[in-house]
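1. curious how this folds, go ahead:
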Amino acid sequence: MPRREKRRQKTSSDLPQVPPIEGRAWRFGDNISTDDIISAAHLTSLNLDEIAPYAFETIRPDFAKGVQPNDFVVGGHAFGIGSSRESAPGVLRALGVGAVLAASFARIFFRNAFNLGFPAIEVPALASDPSIIQEGDTLTLKLEQGLLLNHRTQHTFQTTKIPSILLDYLRVGGAIPLLRQKLGKD
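-> All right, here's what the predicted structure looks like:
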């Protein structure tokens, strides 16, 4: 019987770099729930592009129409609390949001975001001074270096370090695409 050759698994060094993200800040407060992000009333489709126009409609009706590719959602403490719906980070990704920045995240939102290849980044400085980022500020996020630059103030902030496996999720678009690559089914 012929021997099957073992496929070489891709490592982080084989994957592309995560490019810097530059966009405008959309400010939100503390305790933004998954229902605030996308109301359960709109979860009538599995197609995130269909429900994305309803993102934040109950607390910020202008958001979905005004957000531009790579813009940032900036929250306070406990961003993404509530249900475990994966559609909450999914609709933000579908709208082209570059990342969610917050003082802290609900654990399930954080995990769902990375599983979808969408960055949810803790910025510790937001915990002590939420005013460091104002509505409309232009920001540049360097995920691999853990740095966030506010162009208005010219101040650079440290972000919480992202574990290498989660960076790999961002490099390839999520947990499932990474698993497919590792299994050689890409």
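2. gap between Val80 and Ala175?
-> Rather than Val, residue 80 is Gly. As for Gly80, its distance to Ala175 is 17 Å (criterion: C-beta to C-beta, to the nearest Å). For every residue, glycine as well, the C-beta is placed using N, CA and C.
3. nearest residue to the spatially most central residue of the chain other than its sequence neighbours?
-> Taking C-alpha atoms, centre = their mean, the centroid of the chain lies closest to Pro119, which sits 2.8 Å from it. With sequence-adjacent residues excluded and distances taken as C-beta to C-beta, 6 or more residues apart in numbering, Pro119 is closest to Ala99, at 3.9 Å.
4. do the same with Ala127
-> In space, and not counting its chain neighbours, Ala127 is closest to Ala103: 4.0 Å by C-beta to C-beta, 6+ apart.
5. count the neighbours of that neighbour for me.
-> The number of residues packed near Ala103 is 20, by other C-beta atoms under 10 Å.
6. now for it: which residues touch it?
-> Applying C-beta atoms under 8 Å, 6 or more residues apart in numbering to Ala103 gives the contacts 30, 75-77, 79, 122-124, 126-127, 130.
7. ok, which pair from those residues is furthest apart?
-> Using C-beta to C-beta, the contacts of Ala103 span at most 15.1 Å, a distance reached by Asp30 and Pro124.
8. contacts for stretch 139-153 next, please.
-> Contacts of stretch 139-153 (C-beta under 8 Å, 6+ apart): 17-18, 20-25, 72, 98-99, 101, 119, 121, 123, 132-134, 137-138, 155-162, 167, 170.
9. so Leu126 is in which element?
-> Using DSSP states H and E, Leu126 maps to helix 124-128.
10. thanks a lot, see you next time.
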